[in-house]
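In: attaching a predicted model along with its sequence, questions to come.
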Amino acid sequence: MQSIMKLEKITFPDLGVSVELSTFDPADKVTEQHAILHVEPRGELFAGQFERIYSAERALLALPQCAGARTIFKRYFLSDATNQQPLVRLDRDCSVSCIQQAPLDGSKVAAWLYMVRDMEVENQDGLVIASHNGYQHLWKMGMHVHKGDSAWQTESLLIDYEETLQRFGATLADNCIRTWFYVRDVDTQYAGMVRARRENFIEQGLTEQTHYITSTGIGGLPADTRALVQLGTYALTGFEPRQQRYLYAKTHLNPTYEYGVTFERGTVMEYGDRAHVYISGTASINNKGEVVHVGDIVRQTERMWENVGALLAEAGSGFQDIAQIIVYLRDAADYQTVRAMFDQKFPETPYVITLAPVCRPTWLIEMECVAIRPDGNPAFRDF
């Protein structure tokens, strides 16, 4: 089926903000939009840049193509989270995530917004619930604690989150669709996070014989300097287990447990009128778990795209269905090369490039994305 994803670029010249917007808008159905906002640096302090990008969010929602949309989730990519997060406005009706992953266009802040139309939305102490047609979409971001090592913090965060899910009759194994683990000093702290996650998952019945959760584990600095790990999550209730399946692309990728980590390469959630495809952080790796093209940013980027393409194809989707992309670079000096490549391959797709080391030092680049496939499964309820 031909994609009905509309991609457009919007500029607010007076604010010095540009927006890449994707809109999935089937007739008489829930509309979904993803927006990436970029702000011109203009040589000013963070407060000025944030006010301009925040004003652009309001201006975006006032446009005809966004009329009636509600922001469910937003993430701010900051250049100095410890000093900047206190200046961020935390909207009460959406889930807000702030992480230090500096935008590499020279600005101090960029933003990713996820918006929907025709859903009921409420905020319960930082947990945002978007409800429609018997489903509850649960977004909870910015979770962190400030004592213990990375393993202890990871275990504590997962236990707290599991207790939150219990309030909705949900569990980590059955209902969590997507996680983000941001790790301070990923080269030294990542191993502790991985160990604690694996041990917790075993307790929750998540093993290589069952399934794991689509995830990104990446370098990122929480605003609290004592926090070594920050967790973001998306869960869903009200669906049938057969609506969800996992992606492997075994011709290109190996199972993650073979090199000691516990996440799925991707997840498809099928509804009657669409399917969501969540692709985990994906890098230049082969089906033996080996890093491919060590030291070559161009060839690593191309292999990364090849891997993502294989995962999308397994989901019955393709690059034309991608609604947003986050690109993580280890070396800021690679930015111009990578941006030119992405501009050519994805000229209108919302994407942002940030400074965020990947979990293996020889990986120079990683990307994650969300795609919305237009043909769903009539056996299931609409989104």
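Out: Arrived safely, thanks for sending.
In: what mean pLDDT does stretch 129-148 get?
Out: The pLDDT scores in stretch 129-148 average 97.
In: what number of residues are in the vicinity of the closest residue in space to Tyr234 that isn't next to it in sequence?
Out: In space, Tyr234 comes closest to Arg178 once its chain neighbours are excluded; the distance is 4.3 Å by Cβ to Cβ, 6 or more residues apart in numbering. Heads up, the C-betas are built off the backbone N, CA and C, glycines and all. Neighbourhood size, Arg178 [other Cβ atoms under 10 Å]: 23.
In: also Gly266?
Out: 27.
In: list the contacts of it.
Out: Going by Cβ atoms under 8 Å, 6 or more residues apart in numbering, Gly266 touches 214, 246-247, 249, 277-280, 311, 314-315.
In: so who does Gln100 touch?
Out: Neighbours of Gln100 in contact, by Cβ under 8 Å, 6+ apart: 78-82, 220-223.
In: try 7 Å
Out: 78, 80-81, 220-221 (Cβ atoms under 7 Å, 6 or more residues apart in numbering).
In: before we move on, what about Gly289?
Out: Taking Cβ under 7 Å, 6+ apart as the test, what Gly289 contacts is 254, 258-259.
In: isn't Gln153 up against Gln230?
Out: No: checked against Cβ atoms under 7 Å, the pair Gln153 and Gln230 is beyond contact range at 9.1 Å.
In: can I get the one helix or strand in the chain whose mean pLDDT sits lowest as CSV, trimmed to CA atoms?
Out: When the helices and strands of the chain are scored by mean pLDDT, DSSP states H and E, strand 120-124 comes last with a mean of 93. The C-alpha trace of strand 120-124 is given here as CSV (Å, rounded to 0.1, in the frame of the first residue of the first chain):
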residue,chain,number,x,y,z
GLU,A,120,-8.3,11.6,25.5
VAL,A,121,-5.2,12.7,27.4
GLU,A,122,-4.4,13.0,31.1
ASN,A,123,-1.3,13.4,33.2
GLN,A,124,-1.0,11.4,36.4
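In: quick check: buried residues in that strand?
Out: Val121 (16 or more other Cβ atoms under 10 Å).
In: name the strands paired with it and say parallel or antiparallel.
Out: strand 127-132 (antiparallel) (DSSP bridges).
In: what about the closest residue to Asp160 other than its chain neighbours, neighbour count?
Out: Counting by Cβ to Cβ, 6+ apart, Asp160 lies nearest to Met143, which is 6.9 Å off, once chain neighbours are set aside. Counted with other Cβ under 10 Å, the neighbours of Met143 add up to 21.
In: low-confidence ranges in this protein?
Out: 1-3 (pLDDT under 70).
In: any idea how it splits into domains?
Out: 1-120, 274-383 (automatic domain parsing).
In: need those domains in TSV with distance to Leu158, can you?
Out: Shown next, in TSV, are those (distance: least, Cβ to Cβ, whole Å):
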stretch	distance to Leu158
domain 1-120	17
domain 274-383	17
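In: Lys74 reaches Ile99, doesn't it?
Out: No: assessed by Cβ under 7 Å, Lys74 is found out of contact with Ile99, at 11.8 Å.
In: quick one, strands of the stretch 101-250 of the chain?
Out: Counting by DSSP state E, counting those that start in this stretch, the stretch 101-250 of the chain has strands at residues 109-117, 120-124, 127-132, 135-143, 176-183, 214-219, 229-237, 244-247.
In: nearest to Asn307 among those would be which one?
Out: strand 244-247 (10.7 Å; Cβ to Cβ).
In: so what are the sheet partners of the closest one and their directions?
Out: strand 266-270 (antiparallel).
In: ok, then the element right after the strand it pairs with?
Out: Per DSSP states H and E, the first helix or strand lying C-terminal to strand 266-270 is strand 275-282.
In: pairing partners for that next one, with directions?
Out: Assessed with DSSP bridges, strand 275-282 is paired to strand 266-270 (antiparallel), strand 365-373 (antiparallel).
In: may I have that strand as CSV, with CA atoms only?
Out: Extracted as CSV, the C-alpha positions of strand 275-282 are listed here (Å, rounded to 0.1, in the frame of the first residue of the first chain):
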residue,chain,number,x,y,z
ALA,A,275,0.9,-0.5,12.2
HIS,A,276,3.6,1.1,14.3
VAL,A,277,7.1,0.0,13.7
TYR,A,278,9.6,0.8,16.5
ILE,A,279,13.3,0.4,15.5
SER,A,280,15.8,0.1,18.3
GLY,A,281,19.1,2.0,18.2
THR,A,282,20.8,0.3,15.2
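In: give me the contact list for the helix or strand following that strand.
Out: Using DSSP H and E, the next helix or strand after strand 275-282 towards the C-terminus is helix 297-314. Contact with helix 297-314 is made by 247, 249, 251-253, 265-266, 277, 279, 282-285, 292-293, 318-319, 334, 337-338, 341, 345, 364-365, 367, 369, 371, as judged by Cβ under 7 Å, 6+ apart.
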